[in-house]
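Participant: Quick one: sequence plus predicted model below, questions after.
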Amino acid sequence: MGLFILKGAINMKKIILTGDRPTGKLHIGHYIGSLQNRVRLQNTGDYDTFIMIADQQALTDNARDPQKIRNSLIEVALDYLAVGIDPAKSTIFIQSQIPALAELTTYYLNLVTVSRLERNPTVKAEIQQKNFERSIPAGFFVYPVSQAADITAFKANLVPVGDDQEPMIEQAREIARSFNTIYGQKILVEPEGVFPEKGAGRLPGLDGNAKMSKSLNNCIYLSDDAETLKKKVMSMYTDPSHVHVEDPGKIEGNMVFTYLDIFDEDKQKVAQLKEAYQAGGLGDVKIKRYLNEVLEAKLAPIRKRREEFAKDISSVYDILKDGSERANAVAEQTLSEVRAAIGVNYFS
Ligand code: TRP
């Protein structure tokens, strides 16, 4: 009886699915935007958590550079483990090792129109940013559909991601809804996005650009050593009209204060510094040194854990293999329900 109740409770756990494209190491923008959130949700113990390294999605615009994806995959896995994603609590797995995802994508593609895909604002922005114009890889163009497969294969209720992923969740919801309507069964779950708190949504780059991004070369990586971190902080964009220490300085658009607002828990201290900076008499070097201390305190333990895991890469691959096997079983189950609903289960 007790066991029975326990089993019921376990089955009622909400399911979380999220992931990242392995195109490089993860940076502190990823940490603020979603990693932190994932660790928090994982540690509540209230969810079944799946975290996917989306190597197939990364290949949609890197088909000619598979080595980059292969190398980045292990870096991302190390970043996950370093920030506290715990393989005993979360299933970490690799997208390409789950064949059911590709098959689900095939069925879902028929439920989506080309014009709907063309309207996806995130894909639109990426197409511009990557200068694809008319030479968009077809796989890239349809990746929101494959992402819907990632999410629905696990019947995920919640998808913690950055704000830029909102259109993907919306498309996944539409696809799940269409599928259930057309095939007359409630097999797929409509997911909900879990987004960062307002203001913490997007960390700007060191240079003041609205986005921290590898291609803009304005990142602090989770794996940066103390020396690199310090150099980067000392090079940050502040207030270009704040030439002399005595001059009053601006806070708005000043990256040091933007970062302090996000990373420093001592809000009173930040308020004092802001006041002094605006009044004049507080130099950039001082505030940068202080920010460096704040960041170093946050990043040193992450860096240390990362170094520990990096000493034994084969055990990191073991974690990924084990996670992929577990994830595969779940996705296969959903696929068999999907096949049955469509009626392509001829031999069973
Ligand atoms: N598109 C996501 C990104 O660029 C990665 C991703 C792939 C993902 N599949 C997913 C995120 C499923 C959440 C759920 O970061």
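Facilitator: Arrived safely. Numbering: from 1, shown residues only.
Participant: For the residue in the stretch 51-200 of the chain positioned nearest to the ligand, list the residues it contacts.
Facilitator: Using Cβ to the nearest ligand atom, residue 54 is the residue of the stretch 51-200 of the chain that sits closest to the ligand, at 3.6 Å. In short, each C-beta sits where N, CA and C put it, glycine included. Applying Cβ atoms under 8 Å, 6 or more residues apart in numbering, one finds that residue 54 lies in contact with 19, 20, 21, 22, 95, 147, 150.
Participant: Same check on residue 300?
Facilitator: residue 226.
Participant: and the next element down the chain from whatever helix or strand it lives in?
Facilitator: Assessed by DSSP states H and E, residue 300 sits inside helix 284-310. For helix 284-310, the following helix or strand on the C-terminal side (DSSP H and E) is helix 313-342.
Participant: And the ligand, is that following helix touching that?
Facilitator: No - shown here: helix 313-342 not in contact with the ligand (Cβ under 6 Å from any ligand atom), separated by at least 12.1 Å.
Participant: now for that helix, which elements pack on it?
Facilitator: Under the contact definition 3 or more Cβ pairs under 8 Å, 6 or more residues apart in numbering; DSSP states H and E, helix 313-342 sits against strand 47-53, helix 66-83, strand 90-94, helix 99-109, helix 143-153.
Participant: Any residues of the protein in contact with the ligand? List them.
Facilitator: 17-21, 52, 54, 57, 147, 150-151, 159, 161, 165, 168.
Participant: ok, 5 Å please
Facilitator: Within the chain, the positions lying close to the ligand (Cβ under 5 Å from any ligand atom) are 18, 19, 20, 21, 54, 57, 147, 150.
Participant: on that earlier part again, please report phi then psi for the residue of the stretch 51-200 of the chain closest to the ligand.
Facilitator: Dihedral angles of residue 54 (phi, psi; degrees, to the nearest 10) stand at phi -90, psi 70.
Participant: Ok, the one 5 residues further on next?
Facilitator: Backbone geometry at residue 59, expressed as degrees, to the nearest 10, gives phi -70, psi -20.
Participant: Next up, the contacts around it.
Facilitator: 66, 69, 139.
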